[in-house]
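Novice: take a look and give me a structure for this.
(2 chains)
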Amino acid sequence: MDWAWIGDHLPQLVSRTGQHLYLTAIALVIGFAISFAIGVAVTRWRAIYVPAAVFAGIVFTIPSIALFAALVPITRLSVLTAEVPLVLYTLVILLRNVVAGFDAVPADVREAADAMGFRRTARLVRVELPLAVPLIIAGLRVASVSTIGLVTITAILGQTLGGLGFFIYEGMNRFFATEIYAGAIPTILLALLVDRLFVVIQRLVTPWAQRVRPLEGTAT
Amino acid sequence: MPTTSATGRRAATVEFKHVTKRYDAGAKNTPGAVNDLSMTVPAGKICVLVGPSGCGKTTSLKMVNRLIEPTSGQILIDGVDAATRDVNDLRRTIGYVIQQVGLFPHQTIADNVATVPRLLGWPKQRQVERANELLGFVGLDPVRYRRRYPSQLSGGERQRVGVARALAADPPIMLMDEPFGAVDPIVRERLQNEFLRLQEELAKTILFVTHDIDEAIKMGDLVAVMQVGGLLAQFGPPAEILASPASEFVAQFVGTDRGLKRLSLARVGDLAIRPAITGRDGDPAGPARERIVADPFPYLLLLDGTERPVGWLDQREVPTEGVLKADRAIPMSPLLNRRTTLKDALSILLDADVQAGIVVDRQGKVLGLVTAGMIFDWFREDARDLGPERQVPAEETAAAAVRV
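Specialist: Below is the predicted model of the structure:
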């Protein structure tokens, strides 16, 4: 390891980490918004689920490099070229988890909500969504880790993109191991960190789903 | 505005008028169909819908709060067709309790209970007070329970919360679909008894679905027996259904032991209790002997100084002179009171040395005697009073049961 190089490039490391998070966040936010919208639509019109899932599944099979290459003539070497594949790849995970989340709402809970006079939107927001949260967050965890990995590949689209992948790509071209590590290790740490962050968020927003604490003297 | 009292006495009449629900022949997993159901549940009564699975009892229930819409016919609530009302407004005035309870797992017990008040936009403070009041009403200490989540409660506790939630906005009608079906028999019995006690205060109109005829007889002021195809086989008070089943199906469904079930509905207080010939320990024997020899019942009931029974004396054992002595007494079977069911009374008589049950009041003083013959006489007269349109002979019922 060439520690001097790392010392010299600290500001770039920090800014590239920021860029990495930024590229990841855009993909997740847009991917989640699309998946959530489709997922909500599926609760109403079940028939659209299979076509949507098949589409997301097929897109997922396209190699990322091929997809980037295919987009370059259309969107040039822009953030859009990077984000379109990143967003598309999140769909296969997020859509499935959003739908699974809504499906996991017990039928008796839904029926009870109807019987108490919840209007449709109120039922969705106040009953079904909170109960879908654990599976939705599980999807976000997987999607975020996979997106953080994929962001590194966007480095092939030029120096303005790639996040920490920039160092990996440049290190490969220069046969310079330190720079590859400087890109790869923070990427891994970032993935682990974001994953933990979602776990913490889930604990905070679903206190009811925690492991049941034994209670003293529970009468029937 | 609903009243704030947990025990608000508001009830509504529910009238089914030629209600039919059909499903497409090809449709899978549909609930039972209902065929031309007409019946009226008076305000403040518990009407139990009972029948085998697929008889349409749950479908009938769910048509009241329009979770299922009838194919034809009307359901009138206090004379107003339910179909003409805004469906959510309608549902907020009808309590709903189901076997799986359907509590919201992500909300605390207090929030679960306050669900309908919240939907109705009650002020926050009033929601909290109402939840506390109702938790206490169903026997759960609000301080201990209000902040818990449903997953932290036992099945019986969850069911109580379900009842509290259904009562939150003091609805005039409650729909209960096998509400005590998922708890063990001991808890079920306790919940049934508690619910009947609560209903004495509430006096709601309750439609209650079960497949268990014993539960139907126990809970119902009225019982609607339904059979597959959604036909109403018989509708009436439980005693009437037991005494004179309207068809072979009903006779079979209520069981060949329907006579015993009838006995469990009637109580010693329903009989004309006959006076006992009594004598006190230490009384002169001569006059006592004269009285007991004159009576067709050959045993003298010996009492202590406070009118409480101590045992029987065979009339042949009562001396012509001297005093009555407790040491010659034959031991008594367990004492009866006016609330004892005839079933229990008969059971005690079967096991007794002297064929008479001693009925005592709350202080333990003797009121009189009950004999097996009196129970049989009551049984026959009661059946006659209930006016059988067609009495199905017991042998026929037994034969039908064997065929099945």
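
Novice: ignoring the adjacent residues along the chain, who's closest to the residue in the stretch 1-150 of chain B that chain A sits nearest to?
Specialist: The nearest approach of the stretch 1-150 of chain B to chain A comes at B:Gly102, 3.0 Å away (Cβ to the nearest Cβ). C-beta coordinates here come from the backbone N, C-alpha and C atoms, glycine included. Nearest in space to B:Gly102, with sequence neighbours left out and distances taken as Cβ to Cβ, 6 or more residues apart in numbering or on different chains, is A:Ala112 at 3.0 Å.

Novice: what's the helix or strand containing that neighbour packed up against?
Specialist: If you go by DSSP states H and E, A:Ala112 is part of helix A:107-115. Using 3 or more Cβ pairs under 8 Å, 6 or more residues apart in numbering or on different chains; DSSP states H and E, the elements in contact with helix A:107-115 are helix A:120-123, strand B:94-98.

Novice: the residue of the stretch 201-350 of chain B found nearest chain A: what's it in contact with?
Specialist: Proximity of the stretch 201-350 of chain B to chain A (Cβ to the nearest Cβ) peaks at B:Leu207, 12.8 Å away. Shown in contact with B:Leu207 (Cβ atoms under 8 Å, 6 or more residues apart in numbering or on different chains): B:Val14, B:Val41, B:Cys47, B:Leu49, B:Ser60, B:Leu61, B:Val64, B:Ile173, B:Met174, B:Leu175, B:Met176.

Novice: close enough to count as contact, the residue nearest to B:Gly102 and B:Leu103?
Specialist: Yes - contact criterion Cβ atoms under 8 Å: A:Ala112 and B:Leu103 qualify, at 7.4 Å.

Novice: which positions in the host helix or strand of A:Thr17 come out as buried?
Specialist: Following DSSP H and E, one finds A:Thr17 within helix A:10-44. Residues A:16-17, A:19-21, A:23-24, A:26-28, A:30-32, A:34-36, A:38-40, A:42-43 are the ones in helix A:10-44 that count as buried (16 or more other Cβ atoms under 10 Å in any protein chain shown).

Novice: kindly report the same for stretch B:118-135.
Specialist: For stretch B:118-135, by 16+ other Cβ under 10 Å, it's B:118-120, B:122, B:127-135.

Novice: just the residues you listed: which are in helices?
Specialist: Of the buried residues of stretch B:118-135, the ones assigned to helices by DSSP state H are B:Arg118, B:Leu119, B:Gln127, B:Val128, B:Glu129, B:Arg130, B:Ala131, B:Asn132, B:Glu133, B:Leu134, B:Leu135.

Novice: how much space separates the last one from B:Val187?
Specialist: Counting by Cβ to Cβ, to the nearest Å, the separation of B:Leu135 from B:Val187 is 18 Å.

Novice: sorry, back to before: next, the angle from the helix holding A:Ala112 to strand B:94-98.
Specialist: Relative orientation of helix A:107-115 and strand B:94-98, computed by axes from the mean of the first three to the mean of the last three Cα atoms, to 10 degrees: 170 degrees.

Novice: quick one: neighbours of the residue in chain A that chain B sits nearest to, just the number.
Specialist: Nearest residue of chain A to chain B: A:Ala112, at 3.0 Å (Cβ to the nearest Cβ). Neighbours of A:Ala112 under the rule other Cβ atoms under 10 Å in any protein chain shown: 25.

Novice: ok, it - contacts?
Specialist: Contacts for A:Ala112 (Cβ under 8 Å, 6+ apart) come out as B:Tyr96, B:Ile98, B:Val101, B:Gly102, B:Leu103, B:Phe104.

Novice: let me know the closest of these to B:Asp257.
Specialist: For the contacts of A:Ala112, the residue nearest B:Asp257 by Cβ to Cβ is B:Ile98; the value is 29.6 Å.

Novice: and the closest one, what does it touch?
Specialist: By Cβ under 8 Å, 6+ apart, the contact set of B:Ile98 is A:Asp108, A:Glu111, A:Ala112, A:Ala115, B:Gly162, B:Met176, B:Asp177, B:Glu178, B:Pro179.

Novice: partner residues bridging it?
Specialist: The partner list for B:Ile98 in beta bridges (DSSP bridges) reads B:Asp177.

Novice: so for it, what's the pLDDT?
Specialist: For B:Ile98, the pLDDT comes out at 92.

Novice: can you map out the helices along chain A?
Specialist: According to DSSP H, the helices that chain A contains are A:3-8, A:10-44, A:49-61, A:64-75, A:79-103, A:107-115, A:120-123, A:129-151, A:165-174, A:177-205.

Novice: verify the contact between B:Lys17 and B:Pro70 for me.
Specialist: No - with contact defined as Cβ under 8 Å, B:Lys17 does not reach B:Pro70; the gap is 9.9 Å.

Novice: neighbour count for those two, which is higher?
Specialist: Shown here are B:Lys17 and B:Pro70; by other Cβ under 10 Å, B:Pro70 has more neighbours (23 against 16).
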